[in-house]
Each structure stands twice: as structure tokens, then as C-alpha cells.
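Colleague: next input, structure requested:
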Amino acid sequence: MFKDFREFLIRGNLVDLAVAVVIGTAFAIVVKSLVDNIVMPIIATLVGKPNFSALTFTIHNSVFHYGQFLTDLLTFVLVAFVVFLFVVKPTAAILRRVSKEKAATPDPSEELLGEIKQLLEEQNTLLRK
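Modeller: Take a look at the predicted model:
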């Protein structure tokens, strides 16, 4: 039983997943810091501090803090925009560039297949004569 458990822990997928979670958590901290310390102050200089947490309404003595939801929603949209701008777009550009370079360099096996096809066609032409 311990041997199976050890194999489960050491299995590549589990280790890869653990590394992804750790890197993802660290990346989330960096993105949140970027939004909180760079993007939000820029927005605050343009339109004032975007903090709606004081906005509430009451129904039958129940207080709804919808302002905090709006603040969290705005933060989410800004985080998504930062990730899109600094991760998704550059990654897509790099992948396009790599795929263009890969398409520009012919595959050696395709060249060999082309040569074989040409030789077979020449051989068929000679046999028909």
C-alpha cells in the first residue's frame, strides 16, 4: 500500500499539477499587485478612487452591500484585462511567430517523400516507354 501511495505521489502528473498550482498562485499575487499598485492608482488619478464598498441598500432590515460586489467586479475585470494584455497577447504573438518559422522550414520527411514520389514518377515514365 505504501509503495502504491509513493508511486502516486511521485507520478509526473501530480508533480506537474503541484508546480502549476504554486506558479499560478505566485502569478496571481503578481497580477493582483500590478492591478492594486499600478492600474488602480492610474484610474484613481483619472476618475477618483474606484471604491464602491460604502454603497448599500436595505430591505426588511437586511443590508445588501452591493458596492463591495461592484468593487470586486471592477477588480476582476481589471485583472482579466492585465492578464490578457501582458500574457495572452504576447503568448499568441510568440506562437504565431514560431508557427510561421516552422511553416517556413520544410520538414525533412516531406522532402524525402517528394523525392521518392518524383523518382517513382520517373520510373513509371521509363517503364511506359
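
Colleague: drop to CA atoms for contacts and neighbour counts, all remaining ones
Modeller: OK.

Colleague: flag every buried residue along stretch 13-33.
Modeller: Within stretch 13-33, the residues that count as buried by 16 or more other Cα atoms under 10 Å are 31-32.

Colleague: outside of that stretch, which residues touch it?
Modeller: Outside stretch 13-33, the residues that touch it by Cα atoms under 8 Å, 6 or more residues apart in numbering are 8-9, 79, 82-83.

Colleague: please redo it, this time with the cut-off set to 7 Å
Modeller: residue 79 (Cα atoms under 7 Å, 6 or more residues apart in numbering).

Colleague: I'd like to know the average pLDDT value across that stretch.
Modeller: Within the predicted structure, the mean pLDDT of stretch 13-33 is 85.

Colleague: check stretch 52-64 too.
Modeller: Taken as a whole, stretch 52-64 has a mean pLDDT of 88.

Colleague: report the distance from it to the chain centre.
Modeller: In terms of Cα atoms, centre = their mean, to the nearest Å, the gap separating the centre of stretch 52-64 from the centre of its chain is 37 Å.
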